[in-house]
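> Here is my input; please provide its structure:
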Amino acid sequence: MRASRGAAVLAATLIALTSAPVVTAQASNSAALFLMQPVGARNVGHGEAAVADTMLGTDGIWWNPAGMARNRKREIAVHHGQAFFATSNLLAATYPSKALGTLGAAAFIHAYENGVRTDGEGNVLGVTTNRYYVVSASYATPMGKHFSAGLTAKYVMIRLLCGGCAEEISGNAGAVDMGAQYILPTKLPFTLGASVRNLGSKLRAKDVPQSDALPVIFQFGGRTRLPLASLNRRETTLDLMSDVVISNAYYSPSLRFGADLSYQENYALRVGYKGLSNLDGLERGLTAGLGFKYNSLQIDIARRFDASGNVSESAAPTFVSLRYVF
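Modelled structure (predicted):
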């Protein structure tokens, strides 16, 4: 009966999440597409399959706030990413409490390299600077032994500047993310997860009549740990995960797969695959990552070896996360 009630709660949550307008897939040229960027080297390493991870930590603010619900320690982290001609940085902190659940806060910036704007004759008019910001606050809590839920409220801002052109475009929007996880009451450890992100107002820019819809993202998937005696004897664990992502910014669903091999919870090797249709861009292909832990310090490194990074090895998108867990 308990398992049935838990499954019913998860089903109701999934119905609520899937009722959001995320399944009308169509390509988008919205200025808010930076919200599709991945955050956290650990998640990039296993193909961005992250929604069912019950120990997400600060990166749960970005992927699925429910993944922070069962955190036992506080965390302060910086997540850095370098891809194409842009860099992204997320500064975040989480604070778990037995009485209140887990609270989280984060500030995100996505910055493109400065460019040069010219007129029709090639004369330089000014230097362009594009910056995108997100400020977030999250709350997550477990509901019994199996079910967890979380919510993130965010404020999105863009600043498109042209020094020397006397032009500036600024815009903002408000949005929320919702997520849930359910740990199945089975001998084989298995967790289901789902999140819907960027539900909110359109991105409106001052003095610009057009407003852009945010890229709404629905992500659901599962994660399991293989109970292999040969691994257990060597203090090693092997986790497998798989997600499906549907968005109004995609023509087709995106499939993500990953594996995480960990030794003594201090060293981790990760591999993954991110699938995208040809119409949805070049950010598809293999991923790989490493993780190291020493006392309270954790560092994760990941690279994407996809179509966007095949120009040269040095051009492969790279992600680094530094955490202090205490």
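
> now the closest residue to K145 other than its chain neighbours: how far from G144?
With sequence-adjacent residues excluded and distances taken as C-beta to C-beta, 6 or more residues apart in numbering, K145 is closest to I183, at 7.3 Å. C-beta here means a position set from N, CA and C on the backbone, and glycine is covered the same way. Distance, I183 to G144, by C-beta to C-beta, to the nearest Å: 10 Å.

> before we move on, the earlier item: dump the residue contacts of the residue nearest to K145.
When contacts are counted by C-beta atoms under 8 Å, 6 or more residues apart in numbering, I183 touches 54, 145-147, 189-191.

> and if you look at L161?
128-131, 167-169.

> Can you tell me which of the residues you listed is nearest F292?
F292 has its nearest neighbour among the contacts of L161 in R131, at 31.6 Å by C-beta to C-beta.

> Help me confirm that that closest one is found in a strand?
Yes: when DSSP: H, G, I helix; E, B strand; the rest coil is applied, R131 is found to be in a strand.

> Most widely separated two among the contacts of I183?
Maximum distance among the contacts of I183 (C-beta to C-beta): 15.4 Å, for F147 and P189.

> rewinding a little: name only those of the contacts of I183 that count as buried.
Among those, those classed as buried by 16 or more other C-beta atoms under 10 Å are 54, 146-147, 190-191.

> and the residues you listed, which of them are in strands?
When these are checked against strands (DSSP state E), the matches are 147, 190-191.

> of all these, which comes closest to S211?
F147 (36.7 Å).

> Name whatever forms a beta bridge with the closest one.
Legend: beta-bridge partners of F147 under DSSP bridges are M143, Y182.

> isn't it right up against G179?
No: contact criterion C-beta atoms under 8 Å: F147 and G179 do not qualify, at 11.7 Å.

> how about the nearest residue to L199, chain neighbours excluded?
Closest residue to L199 apart from its sequence neighbours, by C-beta to C-beta, 6+ apart: V176 at 5.4 Å.

> My error: substitute V78 in the last question.
L322 (5.1 Å).

> For burial, what's the neighbour tally of that neighbour?
For L322, the neighbour count with other C-beta atoms under 10 Å is 14.

> ditto for S296
Based on other C-beta under 10 Å, the number of other residues close to S296 is 13.

> For K274, see how far away the residue lying closest to it once chain neighbours are set aside is.
Counting by C-beta to C-beta, 6+ apart, F326 is the residue found nearest to S296 once chain neighbours are left out, at 4.9 Å. Going from F326 to K274 by C-beta to C-beta gives 32 Å.

> So those two - more neighbours on which side?
Neighbour count, other C-beta under 10 Å: between F326 and K274, K274 has more, with 24 against 10.

> With pLDDT added, can I get the buried ones among the contacts of I183 in a markdown table?
Output for the buried ones among the contacts of I183, formatted as a markdown table (pLDDT from 0 to 100):
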| residue | pLDDT |
| --- | --- |
| T54 | 95 |
| H146 | 97 |
| F147 | 98 |
| F190 | 97 |
| T191 | 98 |
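
> between those residues, which is nearest I301?
T54 (22.7 Å).

> separation between that closest one and K274?
The value you get for T54 to K274, if C-beta to C-beta is used, is 22 Å.

> Please apply the same query to D53.
For D53, the distance to K274 - C-beta to C-beta - is 16 Å.

> L297 too?
28 Å.

> now swap in N114 and tell me
29 Å.

> Check the residue nearest the centre of the chain and give its pLDDT.
Geometric centre of the chain, nearest residue: W63, 3.8 Å, by C-alpha atoms, centre = their mean. Looking at W63, its pLDDT stands at 98.

> Also V208?
Note on V208: pLDDT of 64.

> what residues are up against T102?
68-69, 71, 94-96, 138-141, 150.

> in the helix or strand hosting it, what's buried?
Assigned by DSSP states H and E, T102 belongs to strand 101-112. By neighbour count with 16+ other C-beta under 10 Å, strand 101-112 contains the buried residues 101-106, 108, 110-112.

> Just the C-alpha atoms of it, please, in CSV.
What follows is strand 101-112 as a C-alpha-only set of coordinates in CSV (Å, rounded to 0.1, in the frame of the first residue of the first chain):
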residue,chain,number,x,y,z
GLY,A,101,14.3,21.2,4.1
THR,A,102,17.0,22.5,1.8
LEU,A,103,17.4,26.2,0.8
GLY,A,104,19.5,27.3,-2.1
ALA,A,105,20.6,30.5,-3.9
ALA,A,106,22.5,31.1,-7.0
ALA,A,107,23.7,33.8,-9.4
PHE,A,108,24.5,32.9,-13.1
ILE,A,109,26.2,34.9,-15.8
HIS,A,110,26.6,33.9,-19.5
ALA,A,111,29.0,36.1,-21.5
TYR,A,112,29.9,36.1,-25.1
